[in-house]
Structure formats: C-alpha cells, structure tokens
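Asks: predicted model and sequence follow; I will ask about them next.
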Amino acid sequence: MKLSDMAAELGCTLQGDGNLEIFGVAGIEEAQAGELTFVSNPKYAAKAKTTLASAVIVSSNFPDIPAATLRTANPYLAFARAVEKFYKVPVPASGISSSASIAASSKIGPGASIGPFVVIEGDVVIGSECIIYPFVHIYQGARIGDHFKAYAHVSVREFCQIGHGVILQDGVKIGTDGYGYAKQDDGSYYKIVQSGIVVLEDNVEVGANSTIDRGTIGETRIRRGAKIDNLVQVGHASEVGENTLLCAQVGLAGSSKIGRNVILTGQVGVAGHLEIGDGVIVTAQGGVGQDVEPGKIVSGSPSMDNKLWLRSTALIKRLPELLKRIEALEKK
C-alpha cells in the first residue's frame with residue numbers, strides 16, 4: 001500500500017514521500033524498510049531518529065525526523081488501525097458443528113459459527129453472527145446479544161445476561177457462585193444459594209481465565225465498554241463502570257463499586273463494599289481499603305495519594321542511614 005493511501009485511510013497528515021510502498025507494521029526497534037511504526041510514548045521519541053522504518057506515525061507536533069511521518073492527535077489509535085490493514089483475524093466458517101449439543105428450546109440467531117463440543121442448555125437466546133469456539137458451555141436461560149465471541153473453555157452460567165459485541169477470551173467464567181457462606185453453631189459453614197446474575201453490557205471484553213461472580217441476590221454488573229484483563233477476579237454484587245480498565249490480576253471483593261473511566265493497574269486489590277470514583281487511577285499493587293474520591297491517583301498498600309506515596313517510598317531507602325544518625329544522637 002502506498003504511504004499516501006495509508007495516510008488518507010488513517011486520517012493522518014503526511015509529511016514525506018507519499019509514493020513509498022508499505023508492506024507491514026512493526027515496533028520502532030524492529031521495523032525495517034517498507035514497514036510502518038509509531039511513537040506514542042515520549043521515552044521512545046529518540047528512537048524515531050534512528051529507526052529503519054520507512055514511515056513513523058507521530059503526534060501532530062512531533063519534531064521533524066529523517067523518516068516520513070504520518071501526523072495525528074492519537075498515534076496509538078492510528079497504529080492500531082494500521083495493524084488491521086495487514087493482519088486479518090481468522091474467522092471460522094459459519095455453521096454448527098455436528099458434535100455441538102444445543103437444546104431444542106434455545107434460539108440461535110443467523111450467521112452463527114459454533115465449534116465442536118459446545119454445549120448450549122435449554123432456553124438460551126443468542127443473537128446474530130456469534131462465534132463460539134470449542135468446549136464453550138452456555139448454561140440454562142442465558143441471554144446473549146449480537147456479535148458475541150467466546151473462545152475455548154468459556155462458561156456462561158445460568159440466567160446471566162450479555163449485551164452486543166462482547167468478547168470472552170479463553171477460560172473466562174461468567175456467573176460462577178459468589179463466595180457466600182454462613183457460619184453454623186458447630187463451626188462449619190453453610191453454603192448460601194447464589195441466586196443473583198451477572199450482566200455484561202455492550203462492548204465489554206474479558207481476558208483469559210478471569211472470573212466474574214454472581215451474588216446471593218441482585219446482580220454483578222460490568223458496564224458498557226469496560227475492558228478486563230487476564231486473571232482478574234470480580235466479586236459478587238460488584239459494579240464496574242463504563243470504559244473502565246481492570247488490568248492483570250486485579251481483585252475486587254464483593255460489593256465493590258468502581259466508577260467510569262477508572263484504571264486499576266496490575267495486581268490492585270479492592271476491599272469489599274467500597275466505592276472508587278470516576279477517573280481514579282490506582283497504580284500497580286495498590287491495596288485500596290477505603291473509598292477513593294473521583295479523579296484521584298493513589299498508590300501503595302494501604303493506598304494513599306500518589307505524590308505522598310512517592311515521597312514515602314523515597315524515604316525507605318534512607319531508613320538505614322537515618323537510623324544510624326538517630327542512634328548516634330542518642331549516644332550523645
């Protein structure tokens with residue numbers, strides 16, 4: 001594809017030779033002649049001057065470099081769209097495998113692709129153009145919208161509700177029982193029936209081997225556009241807001257309420273019955289034990305304001321020195 005055509009399709013401003021032929025995309029350090037790369041993180045800006053790529057997608061105000069540039073307000077998004085020009089995700093053929101087990105009372109929309117050993121129990125409704133890979137299990141009474149994609153070994157438990165355009169990566173479990181037990185007089189635990197459901201709204205994606213639990217009553221709800229990474233646990237009766245990101249190994253205890261546009265980075269833990277406001281960022285391995293006001297950036301465990309945490313962690317390295325000074329003063 002000519003670079004000028006690429007610029008037009010991506011909505012970028014071209015600076016350089018539009019007749020260059022682009023054959024693929026690559027990272028800035030690996031790219032070769034004939035390939036397109038990008039810079040969105042400032043720490044890679046210097047590499048743009050030495051990259052072997054024929055062209056680089058950069059921000060609108062990025063300095064001039066030897067390579068041709070495609071300038072845009074959102075380089076990362078433009079690069080994501082460029083990748084789609086050269087790589088097409090394999091799509092299985094439409095049809096239902098002869099080894100799939102689908103109850104007669106269930107309804108599957110047109111254009112379905114259902115792989116081997118899929119089990120769809122009774123009274124399930126699935127919309128049009130679904131792609132369901134092998135060994136997926138959809139339990140009784142589930143309701144699922146159009147353009148649903150479920151990879152191998154996904155399970156959607158009874159009566160859960162899933163919107164349009166939802167993607168469940170390999171091994172996702174939707175609607176598993178919440179962690180509910182009542183202690184008995186003899187010290188043993190009585191299992192509480194988990195009669196609630198899980199609701200995934202439109203355009204939610206859940207990463208591999210993540211689990212979203214149902215509650216005793218009511219619902220666990222993941223709102224529109226939320227993206228959940230691999231190995232995430234969402235406890236019963238929790239709510240995750242629109243366009244929120246839960247990164248790898250995040251854990252939400254029961255009845256957590258997470259606002260819109262929140263980012264919980266890797267291994268963040270949230271205690272139960274807490275509310276995290278809109279736009280909050282919790283940095284890696286943060287332990288949230290209290291409500292967090294909208295717009296805050298918090299870090300550490302127990303979590304605190306990010307700037308205070310940075311100052312505190314800087315002091316940790318000085319503790320041995322400070323201890324010596326204190327001991328010296330005490331001797332005097």
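Replies: Looks like it came in fine. Numbering: from 1, shown residues only.

Asks: residues making contact with stretch 51-68?
Replies: 3, 6, 10, 12-18, 20, 22, 26, 28-29, 31-40, 45, 48-49, 69-73, 75, 78-79, 82 (CB atoms under 8 Å, 6 or more residues apart in numbering). Every residue, glycine included, has its C-beta placed from N, CA and C.

Asks: got the domain boundaries for this protein?
Replies: 3-86, 95-308 (automatic domain parsing).

Asks: would a markdown table of those with mean pLDDT, distance to Glu327 and mean neighbour count be doable?
Replies: A markdown table is the format used below for the domains of the chain (pLDDT from 0 to 100; distance: least, CB to CB, whole Å; neighbours: other CB atoms under 10 Å):
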| stretch | mean pLDDT | distance to Glu327 | mean neighbour count |
| --- | --- | --- | --- |
| domain 3-86 | 94 | 41 | 17 |
| domain 95-308 | 97 | 27 | 19 |
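
Asks: which among those is found nearest to Glu330?
Replies: domain 95-308 (28.4 Å; CB to CB).

Asks: quote the end-to-end distance of the closest one.
Replies: 57 Å (CA to CA, to the nearest Å).

Asks: let's have the domains of the chain in CSV, adding distance to Glu321.
Replies: Shown next, in CSV, are the domains of the chain (distance: least, CB to CB, whole Å):
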stretch, distance to Glu321
domain 3-86, 31
domain 95-308, 21
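
Asks: among those, which is nearest Leu315?
Replies: domain 95-308 (10.9 Å).

Asks: mind checking which of the contacts of stretch 51-68 land in helices?
Replies: Judged by DSSP state H, the contacts of stretch 51-68 include 3, 6, 10, 75, 78-79, 82 as members of helices.

Asks: in CSV, list these along with distance to His153.
Replies: Shown next, in CSV, are the ones in helices among the contacts of stretch 51-68 (distance: CB to CB, whole Å):
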residue, distance to His153
Leu3, 42
Met6, 38
Leu10, 36
Pro75, 36
Ala78, 35
Phe79, 31
Ala82, 32
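
Asks: from these, which single one is nearest Val250?
Replies: Phe79 (26.1 Å).

Asks: quick check: that closest one touching Ile28?
Replies: No: at 10.2 Å, Phe79 and Ile28 do not qualify as touching, with contact defined as CB atoms under 8 Å.

Asks: overlap in contacts, these two.
Replies: 37-38.

Asks: do you know how far the nearest residue to Tyr76 once chain neighbours are set aside is from Gln32?
Replies: Excluding the flanking residues, the one nearest Tyr76 by CB to CB, 6 or more residues apart in numbering is Ser40, at 4.1 Å. Noted for Ser40: a distance of 20 Å to Gln32, by CB to CB, to the nearest Å.

Asks: cool, Ser101 as well?
Replies: For Ser101, the distance to Gln32 - CB to CB - is 49 Å.

Asks: ditto for Ala103
Replies: Distance from Ala103 to Gln32, by CB to CB: 53 Å.

Asks: with His236 instead?
Replies: Counting by CB to CB, the gap from His236 to Gln32 is 51 Å.

Asks: just the closest of the ones in helices among the contacts of stretch 51-68 to Ala314, please.
Replies: Distances from Ala314 to the ones in helices among the contacts of stretch 51-68, taken by CB to CB, are shortest for Pro75, at 32.5 Å.

Asks: in contact with the closest one, which residues?
Replies: 38-40, 57-59.

Asks: could you dump these to a markdown table with distance to Gly175?
Replies: Below are those laid out as a markdown table (distance: CB to CB, whole Å):
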| residue | distance to Gly175 |
| --- | --- |
| Phe38 | 39 |
| Val39 | 42 |
| Ser40 | 37 |
| Ile57 | 41 |
| Val58 | 44 |
| Ser59 | 43 |
